[in-house]
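> Sequence and predicted structure are below.
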Amino acid sequence: MTSDYYPAASTREKRSVQQISESVSISAENSQSADKSALIRGLCCFENKLYSLNPISSDNTAIGHWIFNGNEPICCDSETPLSLEKCAYFDRNNTSFRDCFHMGSYICTFPDGVIYETQNTQSIPVKKVEAESTAQVLSIQTVIKSDGAAEYVPIELGESYRVQDSQIQYYIEDESLWVNQNTYVMLYSKNNSTTFAPFEEGDTVSVNYFSIVNEGMYTHPSSKSGIFGNKKTETNLKIIKKGTIESDSDLGITSTTDYIIAAGHLHIFYSYQHSSNGASYINGSFNRAVIKRKCPDIKFACEGGNRIWACSKDGHEIYASALGDPYNFYDYSGLATDSYAVNVGTHGDFTACFTFMGRPHLFKENALHIINGSYPSNAGELDGMSYSVTTVNDFRGVEKGSERSLAVIDNILYYKSSAGIVAFDGANTVVISDALGKEKYKNASAGARGSKYYVSMQDSSGEYHLFVYDTELGLWSREDNTHALEFINSGSELIYLNADDNSIYSVSDNNIFENEEFESEEEIQWMCETGNIGYSYPNNKYLSRFQIRMQMADRAKAAFYIQYDSNGVWHRRGEMSAKGVKTHLIPIVPVRCDHMKIKIEGSGDVKLFSISRILGEGGDVG
């Protein structure tokens, strides 16, 4: 039933199937098997299109991530399938469900760090935050030319430049002063044109560089002079340019290869004589390097302020990606567009991540962390708009397992806490689910449509129930036993993923996506039940019958039952099937009892306007 026609009780709106989950056909170029089952693991609506995240599997072995718009597969390179291993710990009810949302034109999936670029028509549109390349790389320390031209040239060691404490320094002759120089690293791949393909300009990458020399200034290793040994160093570099050269005999490059120029330095310096002009450069031989764009170990994530906000699996760190860039979580260039990270000291695991009233909220069961501000501090200098964290302890946070129960209605956030369903206005929480009784529900997922809060929860026996809370009237209704894995909004519509058949439904009967698979719900089975009603009344009056006024659609039916003294036995007392608005009289067989309650159940569309009690009058003789 629903409160849509309050004070009348009415059957709820019909639902509909928006998309049926079946085996999908994958083209041979994307997969070695043409037919594989698709279990939906995440939903996202963007520009009135429905996207679902499907890890395609064969014999229960995951081979990669696939994103579908309807039934059209959009995938990563099948030669390098995207692993599901990062989500092994995040497995509720064997669904391994993901946070799937959009940031601008990106559709982002975490904790896997899978990004679908909806506007990318030039290359593979599905990429991962985490990327890695291992190759033989030649590094040359460089600077921008002094005239400001956009050209990068190697540093010439001599009177003007030196290496001091792992830093390139420049000598200002007028002041007789050595100052640190902003430097850039040119990394050349040894005769390989795909080494830097996984990375883009603007990416911050870590470089693990394995050198055969110790730190310092030495001659070229081939001369066998200097002190040699094994050395490994890791440095974060920000790529500012990518390019390709055909060959360079001086560098030992004999075929087409790619290179990157990145801001920073590798802390490894040694020199050799360039054969063409005899100048002494800070340079080296080709050595093994591991270049990686990293993704934090994320548990939950959301979008806020054109950044990805995420919390760690261990319950201690909060991360934000670079502004407008879902791929980079370690960009610390000293700019307002940088990435951001902070450590928190509260106990326990994070249980949800949600943006509310423009601010990221990171929940634990008994604590809340709110991000304030608009950008990271500029090179360590804080101001009034720099990010900061407000921590609230002893707070009714999101219950573990109910991370998908958060929804906003009229600037109030509703979610499932360990104390029940709560309403949070940004400062205080109020429990609103007392009407649901003493049952302890768990594993809630929820969504909002209009003024209604829909929540699917599991009771202590393992059964699921779909409840609806009317925030305007403060009334709860139980609709059925739907197990919804996730609710998402598409405009003013609310859709959900049904765990029983892995198909996508809407709480209305509108064909939201104009899908041929659309199917409206048939006749609704419904039931409503009263509380206890006293049987006898003053002056020897007694209850003789009920008068029920209701409106019934064509072919709708309603049966009337009565139960005495809460004994659990329902007695059938009649059935109504008249079309239109009618008043029905239900006789009551006198039974000696203290109280009773009634139940009406049936099928089809009905509106129940009133239930009146008709009293009979007994004699005065006791």
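Arrived safely. Bear in mind that the values here come from a model prediction, so they are computed numbers and not experimental data.

> Nearest spatial neighbour of residue 472, chain-adjacent residues omitted?
Using C-beta to C-beta, 6 or more residues apart in numbering and skipping residues adjacent in sequence, the residue nearest residue 472 is residue 451, 4.7 Å away. To be clear about C-beta, it is placed using only N, CA and C from the backbone, and glycine gets the same treatment.

> no wait, residue 292
Nearest non-adjacent residue to residue 292 (C-beta to C-beta, 6+ apart): residue 132, at 4.5 Å.

> Is it correct that the one you found is in contact with residue 198?
Yes: between residue 132 and residue 198 there is a contact under C-beta atoms under 8 Å: 7.2 Å.

> pLDDT value on the residue nearest to the spatial centre of the chain, please?
Nearest to the mean C-alpha position of the chain, by C-alpha atoms, centre = their mean, lies residue 99 at 2.2 Å. As predicted, residue 99 sits at a pLDDT of 89.

> With residue 124 instead?
pLDDT recorded at residue 124 is 72.

> Next, count neighbours for it.
For residue 124, the count of nearby residues is 13 (other C-beta atoms under 10 Å).

> same thing with residue 557?
14.

> Can you name the residues that contact it?
When contacts are counted by C-beta atoms under 8 Å, 6 or more residues apart in numbering, residue 557 touches 575, 576, 577, 602, 603, 604.

> SS state for the residue nearest to residue 367 when sequence neighbours are not counted?
Spatial nearest neighbour of residue 367, excluding adjacent residues (C-beta to C-beta, 6+ apart): residue 346 at 4.3 Å. At residue 346, secondary structure determined by DSSP: H, G, I helix; E, B strand; the rest coil is coil.

> picking up where we left off before, from what I can see the residue nearest to the centre of the chain touches residue 308, true?
No: under the criterion of C-beta under 8 Å, residue 99 is not in contact with residue 308, lying 9.7 Å apart.

> Give me the common contacts of those two.
With C-beta under 8 Å, 6+ apart as the test, residue 99 and residue 308 both reach 108, 110, 301, 302.

> Quick check: the third one touching residue 112?
Which is residue 301. No: here residue 301 does not reach residue 112: they are 10.1 Å apart, not a contact under C-beta under 8 Å.

> Phi, psi for the residue lying closest to residue 323 once chain neighbours are set aside please.
In space, and not counting its chain neighbours, residue 323 is closest to residue 337: 4.1 Å by C-beta to C-beta, 6+ apart. For residue 337, the backbone dihedrals (degrees, to the nearest 10) come out as phi -90, psi 0.

> contacting residues around the spatially closest residue to residue 578 that is not a sequence neighbour?
Counting by C-beta to C-beta, 6+ apart, residue 552 is the residue found nearest to residue 578 once chain neighbours are left out, at 6.3 Å. Residues near residue 552 by C-beta under 8 Å, 6+ apart: 558, 576, 577, 578, 579, 580, 582, 604, 605, 606.

> quick one: residue 552 from residue 423, how far?
Distance from residue 552 to residue 423, counting by C-beta to C-beta, to the nearest Å: 36 Å.

> likewise residue 13?
Taking C-beta to C-beta, one finds residue 13 at 24 Å from residue 423.

> swap in residue 328?
With C-beta to C-beta as the criterion, residue 328 and residue 423 are 37 Å apart.

> Between these two, point out the one with more neighbours.
More crowded of residue 328 and residue 423, by other C-beta under 10 Å: residue 328, with 23 against 18.

> Need the three-state assignment for that one.
Three-state call for residue 328 (three-state DSSP): coil.

> Checking the residue nearest to it when sequence neighbours are not counted next. Helix, strand or coil?
Of all residues not flanking residue 328 in the chain, residue 322 sits nearest, at 4.4 Å (C-beta to C-beta, 6+ apart). Classification of residue 322 by three-state DSSP places it in coil.

> So what does residue 322 look like in phi/psi?
The phi/psi pair for residue 322 (degrees, to the nearest 10) reads phi -60, psi 150.

> So what's the residue count around it?
26.

> ok, now residue 585?
11.

> Could you shift the numbering so residue one becomes 35, and keep it that way?
Got it, first residue is 35 now, which makes that one residue 619.

> so where's the stretch 385-534 of the chain uncertain?
412-414 (pLDDT under 70).

> Repeat that for the stretch 535-656 of the chain.
570-577, 622-624, 650-656.

> Tell me where it has strands.
In the stretch 535-656 of the chain, the strands defined using DSSP state E, counting those that start in this stretch lie at 538-540, 553-554, 559-563, 567-568, 570-571, 575-586, 591-598, 605-610, 614-621, 629-637, 640-651.

> so what secondary structure elements neighbour the third one?
So that's strand 559-563. strand 629-637 (3 or more C-beta pairs under 8 Å, 6 or more residues apart in numbering; DSSP states H and E).

> Pairing partners for the strand it packs on, with directions?
Sheet pairing of strand 629-637 (DSSP bridges) gives strand 559-563 (antiparallel), strand 567-568 (antiparallel), strand 591-598 (antiparallel).

> now these as CSV including distance to residue 466?
Shown next, in CSV, are the strands paired with strand 629-637 (distance: least, C-beta to C-beta, whole Å):
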stretch, distance to residue 466
strand 559-563, 21
strand 567-568, 27
strand 591-598, 29
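
> Which of these has the highest mean neighbour count?
By mean neighbour count, with neighbours taken as mean count of other C-beta atoms under 10 Å, strand 591-598 ranks first of the strands paired with strand 629-637 at a mean of 19.

> starting at the chain centroid, how far to it?
46 Å (C-alpha atoms, centre = their mean, to the nearest Å).

> How about stretch 383-396?
11 Å.

> Flag every buried residue along it.
Under the neighbour-count criterion of 16 or more other C-beta atoms under 10 Å, stretch 383-396 has 384, 385, 386, 387, 388, 389, 390, 393, 394, 395, 396 buried.

> give me the element residue 530 is part of.
Secondary-structure assignment from DSSP states H and E places residue 530 in strand 527-532.

> can you dump the C-alpha coordinates of that strand into CSV?
Below are the C-alpha coordinates for strand 527-532, written out as CSV (Å, rounded to 0.1, in the frame of the first residue of the first chain):
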residue,chain,number,x,y,z
GLU,A,527,12.7,8.5,-11.7
LEU,A,528,14.1,5.9,-9.3
ILE,A,529,15.4,2.6,-10.5
TYR,A,530,16.9,-0.4,-8.7
LEU,A,531,18.8,-3.6,-9.3
ASN,A,532,16.8,-6.6,-8.1
